[in-house]
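>>> Quick one, what's the 3D model for this:
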Amino acid sequence: MLRRRHARPATTTTTESPAFTDLHDWVLSLPWVVERPYSLDTPGVRCFGVECEPLGRRQLWLLTGMQRQLDVDDLGLAVIVPTEVAQELEDMCLGQIVAPMPAHHALVTVHVESLTHRQNLEALVLTAYGCAMS
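Here you go, the predicted structure:
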């Protein structure tokens, strides 16, 4: 069960996307997720990867703090997913492919303002996590 840590009372009819202050803690609670160091030249950027020795998986899959000045929720969220998934995110207007990555993957900046509920954001993050684990 996920807990909300923000001070605003939760309502069932809200469609606004709050600033998700506990997103990093939630991401780090996922199995085999580790935070990786990032360049000191880019303060505020955080990188998350999967390091699963039993499955032989080591994959960078999530960045936060990217392009903060353009992001209304101050998350600056980007995911690294297979090119097909990246194209689906773009087709659904949930993100924009900004760079090709090795192994037929792409870096996608996520339009957090399009995700009106926390569970939609979590679903997108879990999709990227699932891609990194597969």
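>>> Do I have it right that residue 49 meets residue 34?
Yes: in this structure, residue 49 is within contact of residue 34 by CB atoms under 8 Å, at 5.8 Å. All C-beta atoms are positioned from the backbone trio N, CA, C, and that covers glycine.
>>> where do the helices sit along this protein?
23-28, 83-91, 118-133 (DSSP state H).
>>> What about residue 119, how many residues nearby?
11 (other CB atoms under 10 Å).
>>> Kindly report the same for residue 30.
Using other CB under 10 Å, residue 30 has 15 neighbouring residues.
>>> now do residue 31
8.
>>> Setting aside sequence neighbours, what's the nearest residue to it?
Nearest non-adjacent residue to residue 31, counting by CB to CB, 6 or more residues apart in numbering: residue 52, 7.7 Å away.
>>> how much space between the one you found and residue 33?
Distance of residue 52 to residue 33, given as CB to CB, to the nearest Å: 9 Å.
>>> of the two, who's got more company?
A direct count of neighbours by other CB under 10 Å for residue 52 and residue 33 places residue 33 higher, at 19 against 16.
>>> got a list of what that one touches?
By CB atoms under 8 Å, 6 or more residues apart in numbering, the residues touching residue 33 are 27, 48-50, 129.
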